[in-house]
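Peer 1: everything below, folded, please.
(chains A, B, C and D)
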Number of protein chains: 2
Amino acid sequence: MNKIPVSETVSYLISRIGKAHRNRANALLASLNLHAGQELLLQQIYQQQGITLNELTCGMCVSAVTVTRTVERLEKNGFLKKERCQSDQRAVRVYLTEKGARAVESVEQKMWEVLERETLDNLSMEERVLLKRLLMQVLSNLS
Amino acid sequence: MNKIPVSETVSYLISRIGKAHRNRANALLASLNLHAGQELLLQQIYQQQGITLNELTCGMCVSAVTVTRTVERLEKNGFLKKERCQSDQRAVRVYLTEKGARAVESVEQKMWEVLERETLDNLSMEERVLLKRLLMQVLSNLS
DNA sequence: TCCACTTGTTTAGCTGGCTAATTATTTCTA
DNA sequence: TAGAAATAATTAGCCAGCTAAACAAGTGGA
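Peer 2: Model (predicted):
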(Lines give C-alpha, C1' and ligand atoms only; values in the text may rest on other atoms or scores of the structure.)
Protein backbone atom coordinates (compact mmCIF):
# COMPACT_ATOMS: atom_id res chain seq x y z
CA MET A 1 0.00 0.00 0.00
CA ASN A 2 2.79 2.42 -0.93
CA LYS A 3 1.08 5.79 -1.14
CA ILE A 4 1.69 8.16 -3.96
CA PRO A 5 2.11 11.85 -3.16
CA VAL A 6 -0.86 14.11 -3.82
CA SER A 7 0.98 15.83 -6.62
CA GLU A 8 1.10 12.52 -8.53
CA THR A 9 -2.63 11.82 -8.41
CA VAL A 10 -5.09 12.17 -11.27
CA SER A 11 -7.13 14.42 -8.97
CA TYR A 12 -4.27 16.85 -8.71
CA LEU A 13 -3.83 16.77 -12.50
CA ILE A 14 -7.52 17.51 -12.96
CA SER A 15 -7.41 20.50 -10.64
CA ARG A 16 -4.37 21.89 -12.47
CA ILE A 17 -5.90 21.30 -15.88
CA GLY A 18 -9.19 22.82 -14.78
CA LYS A 19 -7.46 26.01 -13.77
CA ALA A 20 -5.21 26.22 -16.83
CA HIS A 21 -8.19 25.57 -19.10
CA ARG A 22 -10.31 28.26 -17.45
CA ASN A 23 -7.42 30.72 -17.61
CA ARG A 24 -6.98 30.07 -21.31
CA ALA A 25 -10.72 30.45 -21.96
CA ASN A 26 -10.76 33.76 -20.10
CA ALA A 27 -7.79 35.02 -22.07
CA LEU A 28 -9.49 34.15 -25.36
CA LEU A 29 -12.75 35.78 -24.24
CA ALA A 30 -11.13 38.97 -23.02
CA SER A 31 -11.23 40.58 -26.47
CA LEU A 32 -15.03 40.20 -26.44
CA ASN A 33 -15.35 41.69 -22.96
CA LEU A 34 -16.74 38.43 -21.66
CA HIS A 35 -15.77 36.01 -18.89
CA ALA A 36 -15.98 32.21 -18.97
CA GLY A 37 -19.06 31.94 -16.79
CA GLN A 38 -20.93 34.50 -18.88
CA GLU A 39 -20.27 32.73 -22.15
CA LEU A 40 -21.92 29.44 -21.17
CA LEU A 41 -24.97 31.37 -20.06
CA LEU A 42 -25.27 33.35 -23.29
CA GLN A 43 -24.91 30.14 -25.26
CA GLN A 44 -27.88 28.59 -23.50
CA ILE A 45 -30.04 31.63 -24.19
CA TYR A 46 -28.93 31.54 -27.82
CA GLN A 47 -30.28 28.01 -28.11
CA GLN A 48 -33.52 28.90 -26.36
CA GLN A 49 -34.60 32.51 -26.43
CA GLY A 50 -36.93 33.26 -23.54
CA ILE A 51 -35.43 30.62 -21.29
CA THR A 52 -36.14 31.24 -17.60
CA LEU A 53 -33.48 31.79 -14.93
CA ASN A 54 -34.49 28.54 -13.30
CA GLU A 55 -33.96 26.61 -16.53
CA LEU A 56 -30.56 28.27 -16.89
CA THR A 57 -29.70 27.21 -13.36
CA CYS A 58 -30.46 23.55 -14.13
CA GLY A 59 -28.72 23.58 -17.50
CA MET A 60 -25.49 25.07 -16.22
CA CYS A 61 -25.16 23.13 -12.96
CA VAL A 62 -24.72 26.39 -11.11
CA SER A 63 -26.57 27.98 -8.23
CA ALA A 64 -29.58 30.19 -8.86
CA VAL A 65 -27.77 33.07 -7.17
CA THR A 66 -24.94 32.92 -9.64
CA VAL A 67 -27.38 32.96 -12.55
CA THR A 68 -29.23 35.97 -11.15
CA ARG A 69 -26.07 37.98 -10.76
CA THR A 70 -24.47 36.95 -14.03
CA VAL A 71 -27.68 37.84 -15.89
CA GLU A 72 -27.77 41.17 -14.07
CA ARG A 73 -24.26 42.06 -15.26
CA LEU A 74 -24.87 40.84 -18.80
CA GLU A 75 -28.02 42.96 -18.95
CA LYS A 76 -26.11 45.99 -17.69
CA ASN A 77 -23.58 45.44 -20.48
CA GLY A 78 -26.29 45.13 -23.13
CA PHE A 79 -25.97 41.43 -24.00
CA LEU A 80 -29.51 40.46 -23.01
CA LYS A 81 -32.91 41.67 -21.80
CA LYS A 82 -35.04 40.38 -18.93
CA GLU A 83 -38.81 40.13 -19.02
CA ARG A 84 -41.19 38.81 -16.40
CA CYS A 85 -43.13 35.77 -17.58
CA GLN A 86 -46.80 36.52 -18.32
CA SER A 87 -48.21 33.16 -17.37
CA ASP A 88 -46.14 32.75 -14.21
CA GLN A 89 -45.29 36.03 -12.58
CA ARG A 90 -42.60 34.41 -10.45
CA ALA A 91 -40.43 33.52 -13.41
CA VAL A 92 -38.12 35.79 -15.44
CA ARG A 93 -37.43 35.11 -19.11
CA VAL A 94 -34.25 36.32 -20.82
CA TYR A 95 -33.62 37.21 -24.47
CA LEU A 96 -30.35 37.97 -26.27
CA THR A 97 -29.94 41.39 -27.81
CA GLU A 98 -28.29 41.68 -31.21
CA LYS A 99 -25.01 42.37 -29.45
CA GLY A 100 -25.48 39.21 -27.41
CA ALA A 101 -26.26 37.07 -30.45
CA ARG A 102 -23.23 38.41 -32.32
CA ALA A 103 -21.06 37.65 -29.31
CA VAL A 104 -22.20 34.02 -29.14
CA GLU A 105 -21.57 33.54 -32.84
CA SER A 106 -18.06 34.89 -32.73
CA VAL A 107 -17.15 33.09 -29.52
CA GLU A 108 -17.48 29.74 -31.22
CA GLN A 109 -14.76 30.76 -33.64
CA LYS A 110 -12.59 32.72 -31.27
CA MET A 111 -12.72 30.54 -28.22
CA TRP A 112 -14.08 27.01 -28.45
CA GLU A 113 -12.30 26.02 -31.64
CA VAL A 114 -8.98 27.45 -30.51
CA LEU A 115 -9.32 25.94 -27.06
CA GLU A 116 -10.16 22.51 -28.42
CA ARG A 117 -7.24 22.60 -30.84
CA GLU A 118 -4.81 23.64 -28.11
CA THR A 119 -6.16 21.13 -25.61
CA LEU A 120 -5.80 18.16 -27.95
CA ASP A 121 -2.49 19.17 -29.49
CA ASN A 122 0.07 16.34 -29.78
CA LEU A 123 -2.60 13.65 -29.40
CA SER A 124 -3.40 11.13 -32.14
CA MET A 125 -6.96 10.57 -33.32
CA GLU A 126 -7.10 7.31 -31.36
CA GLU A 127 -5.87 9.05 -28.23
CA ARG A 128 -8.46 11.80 -28.59
CA VAL A 129 -11.30 9.30 -28.83
CA LEU A 130 -9.94 7.40 -25.88
CA LEU A 131 -9.45 10.54 -23.78
CA LYS A 132 -13.01 11.59 -24.44
CA ARG A 133 -14.36 8.21 -23.41
CA LEU A 134 -12.32 8.15 -20.20
CA LEU A 135 -13.30 11.71 -19.30
CA MET A 136 -16.97 10.91 -19.81
CA GLN A 137 -16.59 8.13 -17.27
CA VAL A 138 -14.82 10.50 -14.84
CA LEU A 139 -17.58 13.08 -15.20
CA SER A 140 -20.15 10.41 -14.58
CA ASN A 141 -18.23 9.32 -11.46
CA LEU A 142 -18.19 12.85 -10.07
CA SER A 143 -21.78 13.78 -10.85
CA MET B 1 -15.46 19.69 -41.96
CA ASN B 2 -18.69 18.82 -40.16
CA LYS B 3 -18.51 20.74 -36.91
CA ILE B 4 -19.35 19.15 -33.62
CA PRO B 5 -21.43 21.12 -31.12
CA VAL B 6 -19.58 22.74 -28.23
CA SER B 7 -21.23 20.38 -25.77
CA GLU B 8 -19.51 17.43 -27.48
CA THR B 9 -15.97 18.79 -27.23
CA VAL B 10 -13.28 17.63 -24.86
CA SER B 11 -12.96 21.26 -23.76
CA TYR B 12 -16.55 21.26 -22.61
CA LEU B 13 -15.99 17.98 -20.77
CA ILE B 14 -12.96 19.44 -19.04
CA SER B 15 -14.84 22.49 -17.84
CA ARG B 16 -17.64 20.31 -16.48
CA ILE B 17 -15.24 17.92 -14.79
CA GLY B 18 -13.24 20.79 -13.34
CA LYS B 19 -16.31 22.19 -11.68
CA ALA B 20 -17.65 18.84 -10.45
CA HIS B 21 -14.23 17.97 -9.06
CA ARG B 22 -13.88 21.29 -7.23
CA ASN B 23 -17.38 20.96 -5.82
CA ARG B 24 -16.63 17.49 -4.51
CA ALA B 25 -13.34 18.68 -2.97
CA ASN B 26 -15.10 21.56 -1.25
CA ALA B 27 -17.77 19.24 0.12
CA LEU B 28 -15.12 16.91 1.55
CA LEU B 29 -13.21 19.83 3.07
CA ALA B 30 -16.24 21.46 4.64
CA SER B 31 -16.00 19.36 7.80
CA LEU B 32 -12.50 20.80 8.38
CA ASN B 33 -13.65 24.38 7.84
CA LEU B 34 -11.39 24.66 4.81
CA HIS B 35 -11.91 25.52 1.14
CA ALA B 36 -10.14 23.99 -1.86
CA GLY B 37 -7.84 26.94 -2.48
CA GLN B 38 -6.75 27.06 1.14
CA GLU B 39 -5.82 23.40 1.27
CA LEU B 40 -3.25 23.55 -1.52
CA LEU B 41 -1.63 26.49 0.20
CA LEU B 42 -1.42 24.78 3.59
CA GLN B 43 0.05 21.72 1.93
CA GLN B 44 2.89 23.75 0.44
CA ILE B 45 3.68 25.32 3.80
CA TYR B 46 3.60 21.86 5.41
CA GLN B 47 6.29 20.73 3.00
CA GLN B 48 8.37 23.85 3.55
CA GLN B 49 7.87 25.70 6.81
CA GLY B 50 8.95 29.31 6.45
CA ILE B 51 8.18 29.45 2.74
CA THR B 52 7.69 33.02 1.45
CA LEU B 53 4.49 34.32 -0.14
CA ASN B 54 6.34 34.73 -3.40
CA GLU B 55 7.42 31.09 -3.39
CA LEU B 56 3.82 30.09 -2.68
CA THR B 57 2.69 32.18 -5.63
CA CYS B 58 5.03 30.36 -8.00
CA GLY B 59 4.27 26.91 -6.62
CA MET B 60 0.51 27.25 -6.86
CA CYS B 61 0.25 28.97 -10.26
CA VAL B 62 -1.89 31.63 -8.68
CA SER B 63 -1.58 35.41 -8.45
CA ALA B 64 0.32 37.04 -5.61
CA VAL B 65 -2.85 38.85 -4.59
CA THR B 66 -4.73 35.61 -4.09
CA VAL B 67 -1.92 34.26 -1.94
CA THR B 68 -1.83 37.39 0.23
CA ARG B 69 -5.55 37.23 0.90
CA THR B 70 -5.77 33.49 1.42
CA VAL B 71 -2.87 33.67 3.88
CA GLU B 72 -4.60 36.54 5.66
CA ARG B 73 -7.76 34.49 6.17
CA LEU B 74 -5.91 31.37 7.21
CA GLU B 75 -3.97 33.40 9.76
CA LYS B 76 -7.20 34.88 11.12
CA ASN B 77 -8.55 31.35 11.54
CA GLY B 78 -5.41 30.18 13.33
CA PHE B 79 -3.97 27.82 10.71
CA LEU B 80 -0.68 29.67 10.24
CA LYS B 81 1.53 32.54 11.41
CA LYS B 82 3.29 35.20 9.35
CA GLU B 83 6.74 36.58 10.07
CA ARG B 84 8.78 39.13 8.20
CA CYS B 85 12.00 37.69 6.80
CA GLN B 86 15.10 38.87 8.66
CA SER B 87 17.50 38.85 5.75
CA ASP B 88 15.07 40.42 3.25
CA GLN B 89 12.66 42.82 4.85
CA ARG B 90 10.42 42.78 1.78
CA ALA B 91 9.55 39.11 2.12
CA VAL B 92 7.07 37.46 4.49
CA ARG B 93 7.58 33.89 5.71
CA VAL B 94 4.70 31.69 6.86
CA TYR B 95 4.62 28.83 9.34
CA LEU B 96 1.85 26.34 10.16
CA THR B 97 0.44 26.34 13.66
CA GLU B 98 -0.31 23.00 15.30
CA LYS B 99 -3.89 23.39 14.14
CA GLY B 100 -2.67 23.93 10.60
CA ALA B 101 -0.39 20.89 10.65
CA ARG B 102 -3.15 18.67 12.01
CA ALA B 103 -5.46 19.92 9.28
CA VAL B 104 -3.02 19.04 6.50
CA GLU B 105 -2.49 15.57 7.92
CA SER B 106 -6.18 14.76 8.12
CA VAL B 107 -6.97 16.27 4.73
CA GLU B 108 -4.88 13.66 3.00
CA GLN B 109 -7.12 10.96 4.47
CA LYS B 110 -10.40 12.80 4.26
CA MET B 111 -10.11 14.45 0.90
CA TRP B 112 -7.39 13.38 -1.52
CA GLU B 113 -7.80 9.64 -1.07
CA VAL B 114 -11.57 9.77 -1.29
CA LEU B 115 -11.47 12.10 -4.27
CA GLU B 116 -8.99 9.94 -6.15
CA ARG B 117 -11.00 6.81 -5.49
CA GLU B 118 -14.23 8.44 -6.66
CA THR B 119 -12.60 10.02 -9.70
CA LEU B 120 -11.14 6.75 -10.97
CA ASP B 121 -14.09 4.54 -10.13
CA ASN B 122 -15.10 2.10 -12.90
CA LEU B 123 -11.74 2.42 -14.67
CA SER B 124 -9.33 -0.49 -15.05
CA MET B 125 -5.68 -0.20 -14.06
CA GLU B 126 -4.69 0.12 -17.70
CA GLU B 127 -7.25 2.87 -18.24
CA ARG B 128 -6.03 4.77 -15.19
CA VAL B 129 -2.45 4.72 -16.40
CA LEU B 130 -3.56 5.80 -19.85
CA LEU B 131 -5.79 8.57 -18.53
CA LYS B 132 -2.93 9.95 -16.46
CA ARG B 133 -0.60 9.97 -19.43
CA LEU B 134 -3.15 11.71 -21.67
CA LEU B 135 -3.96 14.30 -19.00
CA MET B 136 -0.29 15.07 -18.51
CA GLN B 137 -0.08 15.86 -22.21
CA VAL B 138 -3.17 18.06 -21.99
CA LEU B 139 -1.76 19.95 -19.03
CA SER B 140 1.46 20.45 -20.92
CA ASN B 141 -0.53 21.75 -23.92
CA LEU B 142 -2.34 24.31 -21.79
CA SER B 143 0.62 25.54 -19.73
C1' DT C 1 -61.87 29.55 0.94
C1' DC C 2 -57.83 29.75 3.54
C1' DC C 3 -53.63 28.07 5.05
C1' DA C 4 -49.60 25.29 4.18
C1' DC C 5 -46.36 24.09 0.88
C1' DT C 6 -43.69 24.54 -3.21
C1' DT C 7 -41.31 27.16 -6.62
C1' DG C 8 -38.64 31.17 -8.81
C1' DT C 9 -36.00 34.89 -7.75
C1' DT C 10 -33.40 38.03 -5.05
C1' DT C 11 -30.47 39.97 -1.07
C1' DA C 12 -26.65 39.60 2.17
C1' DG C 13 -22.33 38.01 2.97
C1' DC C 14 -18.67 34.74 2.39
C1' DT C 15 -14.26 32.49 -0.51
C1' DG C 16 -11.35 32.32 -4.67
C1' DG C 17 -9.63 34.22 -8.66
C1' DC C 18 -7.97 38.23 -11.43
C1' DT C 19 -5.52 43.08 -13.05
C1' DA C 20 -3.78 47.59 -12.08
C1' DA C 21 -1.62 50.55 -9.14
C1' DT C 22 0.99 51.52 -4.74
C1' DT C 23 4.54 50.92 -1.17
C1' DA C 24 8.76 49.29 0.65
C1' DT C 25 13.02 47.18 0.12
C1' DT C 26 16.90 45.41 -2.37
C1' DT C 27 20.00 45.34 -6.21
C1' DC C 28 22.34 47.00 -10.01
C1' DT C 29 24.72 50.39 -12.62
C1' DA C 30 26.38 54.66 -14.44
C1' DT D 1 27.51 56.49 -4.20
C1' DA D 2 23.13 58.16 -5.93
C1' DG D 3 19.55 57.09 -8.79
C1' DA D 4 17.22 53.65 -11.70
C1' DA D 5 15.39 49.16 -11.99
C1' DA D 6 13.77 45.00 -10.08
C1' DT D 7 11.38 42.45 -6.50
C1' DA D 8 7.89 41.33 -2.54
C1' DA D 9 3.85 42.41 -0.71
C1' DT D 10 -0.38 44.97 -0.30
C1' DT D 11 -4.70 47.77 -1.47
C1' DA D 12 -8.67 48.73 -4.39
C1' DG D 13 -11.96 46.96 -7.22
C1' DC D 14 -13.77 43.63 -10.41
C1' DC D 15 -16.15 38.69 -11.74
C1' DA D 16 -17.60 33.82 -10.44
C1' DG D 17 -19.00 30.65 -7.27
C1' DC D 18 -21.38 29.33 -2.87
C1' DT D 19 -25.08 28.97 1.40
C1' DA D 20 -28.65 30.87 4.12
C1' DA D 21 -32.48 33.52 4.43
C1' DA D 22 -36.14 36.42 2.62
C1' DC D 23 -39.84 37.41 -0.50
C1' DA D 24 -43.39 36.81 -3.93
C1' DA D 25 -46.38 34.03 -6.64
C1' DG D 26 -48.56 29.70 -7.73
C1' DT D 27 -50.68 25.09 -6.10
C1' DG D 28 -53.21 21.94 -3.34
C1' DG D 29 -55.72 20.06 0.30
C1' DA D 30 -58.73 20.24 4.39
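Peer 1: next, count neighbours for A:Cys85.
Peer 2: A:Cys85: 12 surrounding residues under other C-beta atoms under 10 Å in any protein chain shown. For the C-beta atoms, the positions are set from N, CA and C on the backbone; glycine is no exception.
Peer 1: got the contact list for the residue most central in space within chain A?
Peer 2: For chain A, the residue sitting closest to the mean C-alpha position, by C-alpha atoms, centre = their mean, is A:Leu40 at 3.6 Å. Neighbouring residues of A:Leu40 by C-beta atoms under 8 Å, 6 or more residues apart in numbering or on different chains: A:Met60, B:Ser15.
Peer 1: what about it, helix or strand, and which?
Peer 2: Applying DSSP states H and E as the criterion places A:Leu40 in helix A:36-47.
Peer 1: so is that helix next to DNA strand C?
Peer 2: No. For a cut-off given as C-beta under 7 Å from any atom of the strand, helix A:36-47 has no contacts with DNA strand C; the smallest distance is 9.2 Å.
Peer 1: re the thing from before, and the residue nearest to the centre of chain A, how close does it get to B:Leu131?
Peer 2: Shown here: A:Leu40 relative to B:Leu131, a distance of 25 Å by C-beta to C-beta, to the nearest Å.
Peer 1: thinking again about what came up before, what about the helix holding A:Leu40, near DNA strand D?
Peer 2: Yes. Part of helix A:36-47 sits close enough to DNA strand D to count as contact by C-beta under 7 Å from any atom of the strand, namely A:Ala36, A:Gly37, A:Gln38.
Peer 1: out of those, who's the most crowded?
Peer 2: Highest neighbour count within those: A:Gln38, with 21 neighbours (other C-beta under 10 Å).
Peer 1: any buried residues in the helix or strand harbouring A:Glu72, and which?
Peer 2: For A:Glu72, the host element (DSSP H and E) is helix A:64-76. Of the residues in helix A:64-76, A:Val67, A:Thr70, A:Val71, A:Leu74 count as buried by neighbour count, 16 or more other C-beta atoms under 10 Å in any protein chain shown.
Peer 1: just the angle for that helix relative to helix A:36-47, thanks.
Peer 2: If you take axes from the mean of the first three to the mean of the last three C-alpha atoms, to 10 degrees, helix A:64-76 sits at 80 degrees to helix A:36-47.
Peer 1: is any residue of helix A:64-76 near chain B?
Peer 2: No. Shown here: helix A:64-76 not in contact with chain B (C-beta under 8 Å from any C-beta of the partner chain), separated by at least 11.3 Å.
Peer 1: show me what contacts the residue of chain A found nearest DNA strand C?
Peer 2: In chain A, the residue that lies nearest DNA strand C is A:Asn54 (2.9 Å; C-beta to the nearest atom of the strand). By C-beta under 8 Å, 6+ apart, the contact list for A:Asn54 reads A:Ala64, A:Ala91.
Peer 1: check the gap between it and B:Glu55 for me.
Peer 2: Counting by C-beta to C-beta, the separation of A:Asn54 from B:Glu55 is 45 Å.
Peer 1: DNA strand C contacts on chain A?
Peer 2: By C-beta under 7 Å from any atom of the strand, the residues of chain A that approach DNA strand C are A:19, A:23, A:52-55, A:57, A:64-65, A:68-69, A:71, A:82, A:85, A:88, A:90-93.
Peer 1: let me know whether stretch A:133-143 sits next to DNA strand D.
Peer 2: No. With C-beta under 7 Å from any atom of the strand as the threshold, stretch A:133-143 lies outside contact range of DNA strand D, at a closest distance of 12.9 Å.
Peer 1: that stretch: how far from the chain's middle?
Peer 2: Here stretch A:133-143 is found 17 Å from its chain centre; the criterion is C-alpha atoms, centre = their mean, to the nearest Å.
Peer 1: show me what it is in contact with.
Peer 2: By C-beta under 8 Å, 6+ apart, the residues outside stretch A:133-143 that reach it are A:14, B:10, B:13-14, B:16-17, B:20-21, B:24, B:118-123, B:127, B:130-131, B:134.
Peer 1: then stretch A:97-115?
Peer 2: The set of residues external to stretch A:97-115 that reach it, using C-beta under 8 Å, 6+ apart, is A:21, A:24-25, A:28-29, A:31-32, A:34, A:39, A:42-43, A:45-46, A:74, A:78-81, A:96, B:6, B:9, B:11-12.
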